[in-house]
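K.L.:
Let's see this in three dimensions:
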Amino acid sequence: MKTIYSLIAVFLVLVSTSCNKENDMTNVAGDGLPSYLIEVRDDGFFPDVDTIPLGGTIKFSNNTTNSHTLISPDSTSIHTPTLAPASSYSFKILTTGVYNYHCIEHPNFSGKIVIRF
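P.N.:
Numbers count the residues shown, from 1 in each chain. As a prediction, the model looks like this:
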């Protein structure tokens, strides 16, 4: 009887944690790890601020008819190749912190990624 109660408790914990999403996740890597999609749109990035757990994959997807190169102020934390229309780029940031970025071609496009444990 104790085993049944233990199994039910484990099941309830698993269900409650899987239903508690802080933000909407899209698994772009297909590997079961947390992945987050940031779209480049005609009016900027969506979302323009995203909180991502350490080890999560970030995917920038260019949904415009223009090319975009995304870069952080230090030019190293975030630096994508030039994204042609309908292309994307995936990467991981392996250190917690706040990472600002902008588009080289469109400096008014800016965003922020927060990496947390």
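
K.L.:
Okay, and the beta partners of the residue nearest in space to the middle of the chain?
P.N.:
Centroid check for the chain by Cα atoms, centre = their mean gives Tyr36 as the closest residue, at 3.0 Å. The partner list for Tyr36 in beta bridges (DSSP bridges) reads Ile58.

K.L.:
Asp50 is in contact with that one, correct?
P.N.:
Yes: because the distance of 5.7 Å satisfies Cβ atoms under 8 Å, Tyr36 is recorded as touching Asp50. To be clear about C-beta, it is placed using only N, CA and C from the backbone, and glycine gets the same treatment.

K.L.:
any idea how far the residue nearest to the centre of the chain lies from Asn62?
P.N.:
From Tyr36 over to Asn62 the distance is 16 Å, taken as Cβ to Cβ, to the nearest Å.

K.L.:
try Ile71
P.N.:
When Cβ to Cβ is the yardstick, Ile71 and Asn62 sit 14 Å from each other.

K.L.:
Looking at the two, which one has more neighbours?
P.N.:
Here Ile71 and Asn62 are compared on neighbour count by other Cβ atoms under 10 Å; more neighbours surround Asn62, at 22 against 16.

K.L.:
For the nearest residue to that one once chain neighbours are set aside, give me its contacts.
P.N.:
Of all residues not flanking Asn62 in the chain, Leu83 sits nearest, at 4.1 Å (Cβ to Cβ, 6 or more residues apart in numbering). Counting by Cβ atoms under 8 Å, 6 or more residues apart in numbering, Leu83 touches 40, 60, 62, 67-70, 89.
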